[in-house]
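Asker: Next comes the sequence, and after it the predicted model I'd like to discuss.
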Amino acid sequence: MTTISKALQAVQDRIFQAATQCGRDPQSVALIAVSKTVDAATLRLAHAAGQRAFGESYVQEALPKIAALRDLALEWHFIGPLQSNKTKSIAENFAWVHSVERAKIAQRLSEQRPPDLPALNLCLQVNVSGEASKSGVAPAELPALAQAVATLPKIKLRGLMAIPEATDDAAKQHAQFRLLRALRDDLNARGFALDTLSMGMSGDLEAAIAEGATLVRVGTAIFGERKKA
C-alpha cells in the first residue's frame, strides 16, 4: 500500500467507526478528499486507492489538475470562497459547489452552467459560529437565500455546508454541527428537500458524523500538512 492509500484507509476506518457508534449506515457518509496544494500525480495515487471525490478551493490551481486528470472518472467539488469573476470556470468544471452564500453567485452559476452538463449541485454555506472572519450566510437569512436559489435552472440545491469555529471543546463542536442539521431540518419542514450536510474535517469528523454529516471534507489526514504558498 502507498502512503496515500494507507491514509485514505485510516480515514475511511474513522468514518466507519464514527457512523457505527451512533447507529448510522457508514455508506451514508461520503468522503471528499480536500486536494488544494496537492499535485495531480498524488491525486492519481488517491484515485488508484479508490478515492473519487476531490475538493478544491482555488480555481486557478484546480483547473490544470482537472484537465490533467480528465481521463479519470473524478467528481470535483468547489469548497472555497466564491468570486463573481470565477463563477464561469466553476460552472463549467465542477459537479458540486459547497460555498454559496449569496443569491447573485448562485444566479451566475445557473446562467453559466453549460446546457450539456447535469444540474450543478449546490450547498449553502452557513456561518454557524457567528465569527466575523467566517464566510457564510447568517442563520436568520438562510430561508430567504434558499428560496432564491431553489428555483434557479441548471442548479440543484442539495443542502448546507459549514466551517465551524475550531475548538477542543467537544460540546461546542457538537453544538455547532447540530445547529447546521437543525437549519437543514427547518428548511425541509418549509417544503425543501435537502439531503446533504457538508461538515466535518480532519480534526472533527467524528462529531460531525454524530450530528448527521453526509459529506466530510478531509485534507490533512490524507495528504499531510499543506505546503506553504
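Answerer: Yep, that arrived.
Asker: Report the buried residues of stretch 166-180.
Answerer: Neighbour-count burial for stretch 166-180 flags 173-177, 179-180 (criterion: 16 or more other CB atoms under 10 Å). For the C-beta atoms, the positions are set from N, CA and C on the backbone; glycine is no exception.
Asker: Oh, that last question was meant for stretch 15-22, not what I typed.
Answerer: For stretch 15-22, burial by neighbour count (16+ other CB under 10 Å) applies to 15, 18-19.
Asker: got JSON lines for the residues you listed, with distance to A140 and pLDDT too?
Answerer: Shown next, in JSON lines, are the buried residues of stretch 15-22 (distance: CB to CB, whole Å; pLDDT from 0 to 100):
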{"residue": "I15", "distance to A140": "32", "pLDDT": "98"}
{"residue": "A18", "distance to A140": "31", "pLDDT": "98"}
{"residue": "A19", "distance to A140": "31", "pLDDT": "98"}
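Asker: Looking at these, which is nearest D39?
Answerer: Distance to D39 across the buried residues of stretch 15-22 (CB to CB) is lowest for I15, with 25.0 Å.
Asker: Just give the nearest non-adjacent residue to that closest one, would you?
Answerer: V29 (5.3 Å; CB to CB, 6 or more residues apart in numbering).
Asker: Check E131 too.
Answerer: Distances taken as CB to CB, 6+ apart put E165 closest to E131, at 5.8 Å, once the chain neighbours are dropped.
Asker: again with L194
Answerer: Nearest in space to L194, with sequence neighbours left out and distances taken as CB to CB, 6+ apart, is G159 at 4.4 Å.
Asker: would that neighbour count as being in a helix?
Answerer: No - if the criterion is DSSP: H, G, I helix; E, B strand; the rest coil, then G159 is strand and not within a helix.
Asker: Is it correct that it is in contact with F192?
Answerer: No - counting by CB atoms under 8 Å, G159 does not reach F192; the two are 9.3 Å apart.
Asker: So which of these two has more stuff around it?
Answerer: More neighbours surround G159 than the other of G159 and F192, with 24 against 17 (other CB atoms under 10 Å).
Asker: Flag the shaky bits of the chain, pLDDT-wise.
Answerer: The model of the chain has pLDDT under 70 over residues 1, 227-229.
Asker: Helices along that one, start to end?
Answerer: Along the chain, counting by DSSP state H, helices occupy 3-21, 40-48, 59-68, 87-93, 103-112, 142-150, 170-189, 205-210, 220-223.
Asker: Including distance to H77, could the ones you listed go into TSV?
Answerer: TSV is the format used below for the helices of the chain (distance: least, CB to CB, whole Å):
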stretch	distance to H77
helix 3-21	16
helix 40-48	13
helix 59-68	10
helix 87-93	10
helix 103-112	14
helix 142-150	17
helix 170-189	17
helix 205-210	16
helix 220-223	14
